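Undergrad: Show me how the following folds:
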Amino acid sequence: DEKKEENGILKSSRQNTTYRLLSNHFKGQIPTNILSYLNNTLISSFNKEKVAYWKGEKSLRNYKKNIPLPFGAEVISKLSHTSDGRNFCFRLFQIPLRTYLGKDRSDKKVLLNRVLNSTLKLRSSQIQLDQGKIFLLA
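TA: Just a heads-up that it's a prediction; the model follows:
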């Protein structure tokens with residue numbers, strides 16, 4: 001318990017320690033779902049690269065402010081086709097959003113149709129805010 005002992009925060013697991021740091025720093029600013037998935041991403045990256053850190057072959061990553069923010073499928077609701085049938089609308093954290101797939105040369109439309117028809121389960125995804133645009137990275 002960090003309140004009873006000065007270094008008490010270090011007595012929990014590594015993953016819980018980093019989550020508590022993220023949570024204390026961004027409390028009320030970022031949804032806890034994003035903080036949890038971001039923590040998992042950070043821990044996973046660190047664990048993959050820790051041997052290189054200890055050997056001095058690599059330095060810790062720097063993160064820019066426009067990095068993709070990961071989130072779980074449970075925060076997406078009301079996925080449906082738009083009235084024109086070419087795009088999709090949904091709610092992300094209760095915020096209404098609409099896709100603009102354009103001339104979809106990738107499989108994003110097929111993937112979203114499969115999620116809509118329940119033949120594919122959405123696990124986690126990422127959203128990126130960059131220059132006034134929102135990018136959903138599935």
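
Undergrad: Report the contact partners of the spatially most central residue of the chain.
TA: In the chain, the residue lying closest to the centroid (Cα atoms, centre = their mean) is residue 70, at 0.5 Å. The neighbourhood of residue 70, defined by Cβ atoms under 8 Å, 6 or more residues apart in numbering, consists of 34, 37, 38, 40, 41, 124, 125, 126. Just so you know, the C-beta spots here come from the backbone N, C-alpha and C atoms, and that holds for glycine as well.

Undergrad: just the buried members of those?
TA: Using 16 or more other Cβ atoms under 10 Å as the burial test, the contacts of residue 70 include 34, 37, 38, 41, 125, 126 as buried.

Undergrad: Which of those residues fall within helices?
TA: Using DSSP state H, the subset of those located in helices is 34, 37, 38, 41.

Undergrad: is the residue nearest to the centre of the chain in a bridge, and if so with what?
TA: Residue 70 has these beta-bridge partners by DSSP bridges: residue 126.

Undergrad: how far away is it from residue 62?
TA: Counting by Cβ to Cβ, to the nearest Å, the gap from residue 70 to residue 62 is 18 Å.

Undergrad: so what's residue 19 up against?
TA: 35, 36, 39.

Undergrad: for those residues, which one is nearest residue 118?
TA: For the contacts of residue 19, the closest approach to residue 118 (Cβ to Cβ) belongs to residue 36, at 24.9 Å.

Undergrad: Isn't residue 59 up against residue 53?
TA: Yes. Using Cβ atoms under 8 Å, residue 59 is in contact with residue 53, at 7.5 Å.

Undergrad: These two: which has the busier surroundings?
TA: residue 53 (12 against 9; other Cβ atoms under 10 Å).

Undergrad: about what we covered before: of the contacts of residue 70, just say which sits nearest to residue 116.
TA: Nearest to residue 116, judged by Cβ to Cβ, of the contacts of residue 70 is residue 125 at 14.6 Å.

Undergrad: Confidence-wise, which helix or strand of the chain is lowest on average?
TA: Within the chain, confidence by mean pLDDT, DSSP states H and E is lowest for strand 133-137 among all helices and strands, at a mean of 74.

Undergrad: Okay then, goodbye and thanks.
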